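> test case, fold it:
(chains A and B)
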There are 2 protein chains.
Amino acid sequence: MRIALCQIDTTVGDFAGNTRRIVDYAQRAAQQGAELAVFPELAVCGYPPEDLLVRAAFLDAHDAALAALAASVPPELDVLVGCVTKNTEALQRGGRPLHNAVAYLRGGRIRIVARKTLLPTYDVFDESRYFEPCRAPEANFVDLRGHRVGIVVCEDGWNDELFFGQRAYAVDPVERVAQAGAELIVNLSASPWERGKEEFRYRMVAAAASRHRVPMLYVNMVGGDVGLQFDGGSLAVKSTGVACQPVWWAEQLVVVDTAAPWTETPQWPGLEAMQHAAIAQGIAAYVHKFGFHDVVIGLSGGIDSALVATLAVDALGKEHVVGIAMPSAHSSDHSLEDARQLAKSLGIEFHVLPIEPLQDAFAQVLRPVFAGTEPGTAEENLQSRARGTLLMAFANKHGHLVLTTGNKSECAVGYCTIYGDTNGALAPIADLWKTEVWALARWLNRDGERIPQRSIDKPPSAELRPGQLDADSLPPYAELDPVLRCLVEEELSVAATTARTGMASERVAALFAQVQDAEWKRSQYPPTVKLGKRCWNGRRMPVSHRYRER
Amino acid sequence: MRIALCQIDTTVGDFAGNTRRIVDYAQRAAQQGAELAVFPELAVCGYPPEDLLVRAAFLDAHDAALAALAASVPPELDVLVGCVTKNTEALQRGGRPLHNAVAYLRGGRIRIVARKTLLPTYDVFDESRYFEPCRAPEANFVDLRGHRVGIVVCEDGWNDELFFGQRAYAVDPVERVAQAGAELIVNLSASPWERGKEEFRYRMVAAAASRHRVPMLYVNMVGGDVGLQFDGGSLAVKSTGVACQPVWWAEQLVVVDTAAPWTETPQWPGLEAMQHAAIAQGIAAYVHKFGFHDVVIGLSGGIDSALVATLAVDALGKEHVVGIAMPSAHSSDHSLEDARQLAKSLGIEFHVLPIEPLQDAFAQVLRPVFAGTEPGTAEENLQSRARGTLLMAFANKHGHLVLTTGNKSECAVGYCTIYGDTNGALAPIADLWKTEVWALARWLNRDGERIPQRSIDKPPSAELRPGQLDADSLPPYAELDPVLRCLVEEELSVAATTARTGMASERVAALFAQVQDAEWKRSQYPPTVKLGKRCWNGRRMPVSHRYRER
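You can find the predicted model right below:
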């Protein structure tokens, strides 16, 4: 059978656009001789629709779009597309009102041929909030031109007890359709990228293909809306190899012949290439999908803002990025110089707005309530908030979006000023540890100095008081990041973190307390591009509580 | 049997404090002759622990606290207390790793005697993220001194098909334990308050008691941490009536005799009394549980800030509330006067910090990038951000928390400036519609003018440009609020909202688009005290998407 893997980019709620794209790909698939075209999970409404699923009008619009789609795809082509369907048993038997499902379109008709069984409800996923799991596993099949095709949806493919060493759910839907005689298994997915996931996903799908001796077709969405970035990387896998190289970070239509020998071995991009693409896609998706064109970034001369500006240029083009340096008396000589050099190197619009008049004015206005106090955190935060307010003023005046430049290390320990440097529509690197920030900057400079080397080399500093350095109050990042990874990404205890990293347990406990105390700042933080485990949006801690660890 | 309903206030993660409180209540219950003491859902760790449940160390601390508790309660007393327990089948059979459970403590031993069956995963609730439902319903019993007691946990009591007219889940755990011969049913709850819930809950519990002809004991927690406010209102109900009047918004220990006739009819506080208590508890809980003492509020002379200041005084005492007026050239004459009069009436510390020097300084600094533009939204937002920054500066300097003064109507349509008037640790009235704001203010003035009458009577205005009024761009709130209630609280379509309210559909569609466009501001909004349906924290819409309704 000739099957088209349609790796498309959908937008949440854009029924007209998503439908147009699916029809376009279906027509191209038919032209290329495909008998079946497979689209990603929830391709009709986009993923994740979240509480839009609570609105009956949204569901009606979805159903109308699906009906229009069925009437518009080529009649000679079979189509499998991810969609929402009502749980018709909910009223009688109880249960969530919807299913995350797969529609089979043929000759203008719509038939629901599969319902998702395993509903991820952890990290950034909340599917149990909306969907009832499939209770009729025998239904997850469709007979296509004499072939019995088993259908699973995303998480359904992630519960192979032999592969993972343990099961997360009671059933393995892939094993179930394989044992029920599937000659071919397709997985419709919306699987966001995180560090290493592209290769892990391949190993998992390949293991299933080998064990069940059945070709596996894995169709993932690409693109993203806010935060979650889908990398594509769709796969056609037999125990002998893949049919063709997976493509990441771009739409793709590839037609594979299930009767042909598949013998290729996938090639992997490096980590930095994937991080770069994920962040650039995240910036471009937010800006372009929601009617904006340009971004503005505060340039401190440091590495975080330099990296974000460079990524924004790669995402949007240099004519759509504005850098603003906002020096104060505490800024070191090289700060302004490095910011200027970065702007020149990137070729972006650049402004200098010194904040001393604002510091003076705030000091004057606050005199009645600050009299007799020593300068401290309040004055430091004022500088950051003056800058954040200038960026928002520029953005409001000229219709730009502000990009937040914080990294995951500083976000973790709360080295940021809420309503100051945290301001922004999107936080592109808030899921990159500081050591990863440096590595990515060096990678961007691999063919020449796009980011001033001095911004990479100099010791990190917030420059909110004379001579201030991050290292005054934090361990060096090379020591700090492994500790934070244990505490945040793996949720290890203070004791286990101490054992793993060798840092003194009092120090680890103090860092963990810092992480906890910053929760309220993170609860008001901009959406973050997910790049690793436990990104802030997927780590849902109480804003305030009294739990402590020693 | 003599049973103590122990309506206690727990704090998330405060194992030592929660344990101490449970022991204290257990001792008092024993002294008062109780044979059994019942505590709320998850009383050991507090509710909702959210992703703290992902940390193994947190679970270990929980188990240690439960063991200490079992060893410390009076040996002659039986105790039922809500706790977390491991799903021991998860490793073999799959499933979520924990159960939301009930421990039976007796003679120093711990026995898990019930597991929650229905796991709320909607609105502000995310229990399916952590817990596996009870799969062994026959286990939800304990035999106490010859009596067979059925045990359910919170949501388990909310699926009576006859009462609700439909079922939300496949099983009704109350019916199940009743049919299995329970002589008495206890419900351990952590049920947050919202408009009308106290009476609704009583009607639901009373309906079950009547239908199953069994006494129902409903023990709810009181207090709250951030956002969710638990009202208590524990009940002992038979078909003949309640054993005693429920108590709201305070801890309570009451011992009821199941053999006695229960014939009282509960009395209901009014809506405003409940709203007042919920908000005051929310402010006090945040401030007191997390090591703060004082709050600071920007006083505009308008009704929202006046209401928040009055509620803060009722929550914390007047010596713990600071009001700051921050007039500009656009402030009307009465604004400063009304703010001053409010501060005087409440007896709170009051400062005036005029923002004109800040407006001038921002204009000066921004001149290079604002040259040739007309004043507009950017300049209006600058005023709000200057004020928000002053409040944060005061708070940082003096260790206060900032309270945000926005109401639900303005939050819905985005009539607020992000990083400006939205700044704050807690938003006490962001779940009150503007028409409710006025009603609550009038109620607070029922025995004398605490809030200046002019603040209640004057037309609402943001005063960010000369002569600006909310009514210039919004319908009157008496027309707007019913429309927003349909769109937001009931998630009705534009068409259904038009039919229900009579507002022109173009106007409704434009308002709905405004609601959607403000999603990104709300995603960075402070935690909100829940007072009604679909509070912002429970309404999880995508930050950005392309869904529109006509």
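> Provide a list of residues in contact with residue A:268.
Contacts here follow Cβ atoms under 8 Å, 6 or more residues apart in numbering or on different chains; on that basis residue A:268 touches A:198-199. Bear in mind the C-beta positions are built from the backbone N, C-alpha and C, glycine included.
> okay, and it sits in which element?
Following DSSP states H and E, there is no helix or strand that holds residue A:268.
> now do it against chain B, distance only.
Note on residue A:268: its distance to chain B, by Cβ to the nearest Cβ, to the nearest Å, is 30 Å.
> before we move on, what about residue A:194?
17 Å.
> for the closest residue in space to that residue that isn't next to it in sequence, list the residues it contacts.
Residue nearest to residue A:194 in three dimensions, not counting chain neighbours: residue A:532, with 5.3 Å by Cβ to Cβ, 6 or more residues apart in numbering or on different chains. Applying Cβ under 8 Å, 6+ apart to residue A:532 gives the contacts A:194-195, A:408, A:431-432, A:489.
> closest to chain B among these?
Distance to chain B, by Cβ to the nearest Cβ, is smallest for residue A:489 among the contacts of residue A:532, at 11.3 Å.
> just to check, the closest one is in contact with residue A:535?
No: if you go by Cβ atoms under 8 Å, residue A:489 and residue A:535 don't touch, sitting 9.3 Å apart.
> show me which of these two is the more surrounded one.
residue A:535 (24 against 18; other Cβ atoms under 10 Å in any protein chain shown).
> so the more buried one makes contact with residue A:124?
Yes: with contact defined as Cβ under 8 Å, residue A:535 reaches residue A:124; the gap is 6.9 Å.
> what do the two both touch?
residue A:227.
> on that earlier part again, the residue nearest to residue A:194 and residue A:7, how far apart?
23 Å (Cβ to Cβ, to the nearest Å).
> try residue A:307
Computed as Cβ to Cβ, the residue A:307 to residue A:7 distance reads 28 Å.
> same question, residue A:296
In terms of Cβ to Cβ, residue A:296 sits 33 Å off from residue A:7.
> find the closest residue to chain B in the stretch 1-150 of chain A.
residue A:13 (2.7 Å).
> in contact with the nearest residue to that residue once chain neighbours are set aside, which residues are there?
Nearest residue to residue A:13, sequence neighbours excluded (Cβ to Cβ, 6+ apart): residue B:547, at 2.7 Å. Residue B:547 sits next to A:12-15, A:52, A:58, A:61, B:516 when contact means Cβ under 8 Å, 6+ apart.
> which elements pack onto the strand or helix carrying residue A:309?
Secondary structure from DSSP H and E places residue A:309 in helix A:303-316. Contacts defined by 3 or more Cβ pairs under 8 Å, 6 or more residues apart in numbering or on different chains; DSSP states H and E place helix A:303-316 against helix A:271-289, strand A:295-298, strand A:321-325, helix A:333-346, helix A:434-444, helix A:453-457.
> quick one on the thing from earlier: farthest pair in the contacts of residue B:547?
Pairwise distances across the contacts of residue B:547 (Cβ to Cβ) peak at 14.9 Å, for the pair A:15 and B:516.
> out of these two, which sits in the busier spot?
Comparing residue A:15 with residue B:516 by other Cβ under 10 Å, the one with more neighbours is residue A:15, at 24 against 21.
> check what pLDDT the more buried one gets.
You'll see residue A:15 listed with a pLDDT of 98.
> please apply the same query to residue A:467.
On the pLDDT scale, residue A:467 gets 84.
> please parse chain A into its domains.
A:2-269, A:275-464+A:526-535 (automatic domain parsing).
> chain center to the longest one: distance?
Relative to its parent chain, domain A:2-269 has a centroid offset of 19 Å by Cα atoms, centre = their mean, to the nearest Å.
> ditto for the last one
Mean-position distance between domain A:275-464+A:526-535 and its chain equals 20 Å (Cα atoms, centre = their mean).
> okay if I get the contacts of residue A:532 as JSON lines plus secondary structure?
Shown next, in JSON lines, are these (DSSP: H, G, I helix; E, B strand; the rest coil):
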{"residue": "A:194", "secondary structure": "coil"}
{"residue": "A:195", "secondary structure": "coil"}
{"residue": "A:408", "secondary structure": "helix"}
{"residue": "A:431", "secondary structure": "coil"}
{"residue": "A:432", "secondary structure": "coil"}
{"residue": "A:489", "secondary structure": "helix"}
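> mind giving me CSV with the residues you listed and columns for pLDDT?
CSV is the format used below for those (pLDDT from 0 to 100):
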residue, pLDDT
A:194, 97
A:195, 97
A:408, 98
A:431, 98
A:432, 98
A:489, 96
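> alongside chain B, which residues does the stretch 251-400 of chain A contribute?
A:286, A:289-290, A:324, A:351, A:353-355, A:357-358, A:360-362, A:364-366, A:368-370, A:373, A:376-378, A:381-382, A:385-386, A:388-390, A:392-394, A:396-398 (Cβ under 8 Å from any Cβ of the partner chain).
> let's see that with 6 Å instead.
Neighbours of chain B within the stretch 251-400 of chain A, by Cβ under 6 Å from any Cβ of the partner chain: A:290, A:351, A:353, A:357-358, A:361, A:364-366, A:369, A:377-378, A:381-382, A:385, A:389, A:393-394, A:396-397.
> make a ChimeraX selection of the buried ones in the residues you listed.
Filtering these down to the buried ones (16 or more other Cβ atoms under 10 Å in any protein chain shown) takes a single ChimeraX command:
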select /A:290,351,353,357,358,361,365,366,369,378,381,382,385,389,393,394,396,397
